[in-house]
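Q: structure for this input, please:
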Amino acid sequence: MKYVCVLSTNEYLDGVLLLHQNLQALKSKYDLLCLINEDITEDSIKYLEFFNIEYKRVNNINYNTEFKVHNWKNTFDKINIFALTEYKKIVYLDADLLILSNIDELFELEGLTMSSDSPYHTDKYNSGVMVINPNMKDYNALIAKVKEYDEKHVKNIGDQNIINACIKNIKVLDDDYNHMRYIANDKNLYYDVFTDSFIFKHDVMITNRISPNPKVIHYITSSKPFMLKEPYEDEYYEIYKKYLDEVHYKKNECRISNTKLNVIIDNVNFDINIRECVKNIKNQTHKNIQILLLTNKEYKRPLKGVTIVNNSADLKSYIKDAPYSTIINKNITLVKDSFKLCLNYLINYRLDWCQYSENDKYSRPLFHQENFHEDIIKSGHITRNFYDKIYKSELLLFASNIKDVITLSNNVGIVGKKCYKKIT
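A: Just a heads-up that it's a prediction; the model follows:
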């Protein structure tokens with residue numbers, strides 16, 4: 001038995017990730033399975049994997065008749081859940097839900113169970129939450145109905161219309177499991193007591209009956225909570241925002257972990273204990289690295305995981321393989337999280353390069369190139385050499401010294417946490 005959701009378009013990814021966080025927080029004993037079609041990008045798949053969400057590829061169920069509401073056209077993929085016969089029972093969940101309490105008890109219900117689509121259609125059922133016993137008979141009937149409606153050019157329908165037309169004797173799920181709300185596209189000014197100011201918020205309308213203890217909130221319109229830039233006026237907004245903040249934080253971790261970093265060991269200008277240096281680099285928590293050893297020496301024993309480069313011209317060809325690069329010398333030992341800290345800083349602040357920090361006391365998130373005066377270098381916060389910084393790799397293709405780097409840069413910064421210690 002499984003909870004199942006469908007990711008038909010990449011713009012719904014945050015809703016799926018939030019649903020996963022939501023179920024985990026409520027200590028569900030059932031896992032989430034996400035169905036994806038051929039339109040889902042590799043980046044979205046990387047996020048699913050990073051969140052440890054199981055996924056299964058399914059075929060897109062096409063519907064060629066034109067739609068006024070663009071997102072309805074993608075809902076037909078939901079019909080694929082009826083073909084998951086490897087599971088005895090499935091609880092299907094839309095990606096625009098907020099679950100307020102554990103709903104594992106839904107697996108005790110018989111399929112097909114759906115909530116009423118009241119007040120829009122009092123004699124129809126809403127497919128946002130469903131209990132399903134998968135079987136090929138229902139699946140084949142639903143697919144046939146999709147083709148029939150498409151050939152007749154029936155407009156502005158979705159999976160819900162197909163299910164209601166095809167399957168009879170649907171059991172009624174309590175509205176508490178599908179408390180539908182409508183987020184308006186328009187915004188109004190609301191007074192915020194915390195900031196003592198007026199802010200814009202989207203209005204929210206409750207569509208079905210008001211319940212004192214709803215279990216699932218369903219935001220049914222095209223304005224999904226995970227897509228909005230402004231808040232919305234709803235008593236559950238802060239709960240939703242908490243989960244969405246968790247999603248954004250973990251997505252940022254995923255972006256950083258998938259960012260490749262060149263680590264250049266300069267053993268031309270310095271005589272370094274290479275094996276200790278490589279060991280120190282490999283002990284970093286950030287593992288997506290390419291170690292490049294710039295040297296004119298020969299090594300009898302191979303250096304595992306290290307690419308040996310003999311001259312600066314060849315080095316530049318390797319630098320292009322990763323968006324960021326750092327150069328290591330003999331005078332520093334890295335703190336374990338240094339690469340992760342610096343990449344997080346570079347990506348979040350959109351910097352061209354950043355200085356490693358030797359202590360936890362000094363932090364300067366942004367210098368602009370036009371304000372980057374000689375006295376900053378004289379202060380010791382920014383050093384004159386290449387060796388304690390991480391750069392956008394493209395800078396190193398055109399710069400031969402720190403002065404060139406500064407000239408080519410816009411925004412730079414100093415990491416406010418200790419990244420290295422000097423070897424004395």
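
Q: quick one, what contacts residue 336?
A: Residue 336 sits next to 283-285 when contact means CB atoms under 8 Å, 6 or more residues apart in numbering. All C-beta atoms are positioned from the backbone trio N, CA, C, and that covers glycine.

Q: which parts of the stretch 251-400 of the chain are helices?
A: Taking DSSP state H, counting those that start in this stretch to define them, one finds helices in the stretch 251-400 of the chain at 274-282, 312-319, 338-349, 374-378, 393-396.

Q: residue 255: which of those is closest?
A: Nearest to residue 255 among the helices of the stretch 251-400 of the chain is helix 338-349 (6.5 Å), distances taken as CB to CB.

Q: so what does that closest one touch, helix or strand wise?
A: helix 237-257, strand 261-266, strand 324-328, strand 353-357, strand 364-368, strand 389-392, strand 411-418 (3 or more CB pairs under 8 Å, 6 or more residues apart in numbering; DSSP states H and E).

Q: host element of the nearest residue to residue 12 once chain neighbours are set aside?
A: Here the nearest residue to residue 12 in space, its sequence neighbours aside, is residue 95; by CB to CB, 6 or more residues apart in numbering that works out to 4.8 Å. Secondary-structure assignment from DSSP states H and E places residue 95 in no helical or strand segment.

Q: what's near enough to touch the residue nearest the centre of the chain?
A: If you average the C-alpha coordinates of the chain and look for the closest C-alpha using CA atoms, centre = their mean, you land on residue 251, 3.5 Å from that point. The contact partners of residue 251, taken as CB under 8 Å, 6+ apart, are 14, 17, 47, 50.

Q: what do you get for residue 225?
A: For residue 225, counting by CB under 8 Å, 6+ apart, the contacting residues are 96, 98, 183, 219, 232, 237, 240, 244.

Q: if we go to 10 Å?
A: Contacts were defined as CB atoms under 10 Å, 6 or more residues apart in numbering; by that measure residue 225 touches 14-15, 18, 96-98, 181, 183, 202, 204, 217, 219, 231-232, 234, 236-237, 240-241, 243-244.

Q: check what pLDDT residue 380 gets.
A: Reading off the per-residue confidence, residue 380 sits at a pLDDT of 58.

Q: ugh, wrong one, residue 423
A: 68.

Q: which among the helices and strands packed on helix 338-349 is found nearest to residue 85?
A: Taking those one by one with CB to CB, helix 237-257 is closest: 31.5 Å.

Q: what's the first-to-last distance across stretch 338-358?
A: Distance between the two ends of stretch 338-358: 11 Å, counting by CA to CA, to the nearest Å.

Q: now find how far off-centre that stretch is within its chain.
A: Between the centre of stretch 338-358 and the centre of its chain there are 20 Å (CA atoms, centre = their mean, to the nearest Å).

Q: what sits opposite the closest residue to residue 22 other than its chain neighbours in the beta ladder?
A: Take residue 22 and drop its neighbours on the chain: the residue closest to it by CB to CB, 6+ apart is residue 99, 5.0 Å away. Note on residue 99: beta-bridge partners by DSSP bridges are residue 216.

Q: what does residue 421 give?
A: Beta bridges link residue 421 to residue 333, judged by DSSP bridges.

Q: again with residue 266
A: The residues listed as beta-bridge partners of residue 266 by DSSP bridges are residue 294.

Q: is it in contact with residue 325, as I believe?
A: No. With contact defined as CB atoms under 10 Å, residue 266 does not count as touching residue 325 (11.8 Å).

Q: now do the helices in the stretch 101-250 of the chain.
A: Going by DSSP H, counting those that start in this stretch, the stretch 101-250 of the chain shows helices at 136-151, 159-166, 237-257.

Q: distance to residue 295 and mean pLDDT added to those, as a markdown table?
A: As requested, those are exported to a markdown table (distance: least, CB to CB, whole Å; pLDDT from 0 to 100):
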| stretch | distance to residue 295 | mean pLDDT |
| --- | --- | --- |
| helix 136-151 | 62 | 95 |
| helix 159-166 | 61 | 93 |
| helix 237-257 | 29 | 95 |
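
Q: which of those helices is buried the deepest?
A: helix 159-166 (a mean of 20; mean count of other CB atoms under 10 Å).

Q: so what touches it?
A: Applying CB under 10 Å, 6+ apart, the external contacts of helix 159-166 come out as 6, 61, 63, 72, 74-82, 112, 114, 117, 121, 123-128, 130, 132, 138, 141-146, 148-149, 154, 157, 170.

Q: just the buried ones among those, please.
A: 6, 61, 63, 72, 74-82, 112, 114, 117, 124-128, 130, 132, 138, 141-143, 145-146, 149, 157, 170 (16 or more other CB atoms under 10 Å).

Q: run a quick neighbour tally on residue 36.
A: Other residues near residue 36 number 22, with proximity taken as other CB atoms under 10 Å.

Q: what's across from it in the sheet?
A: According to DSSP bridges, residue 7, residue 57 are recorded as the beta-bridge partners of residue 36.

Q: now residue 23: which helix or strand?
A: helix 13-25.

Q: give me the number of residues near residue 288?
A: Residues within reach of residue 288, counting by other CB under 10 Å, total 14.

Q: all set now, cheers.
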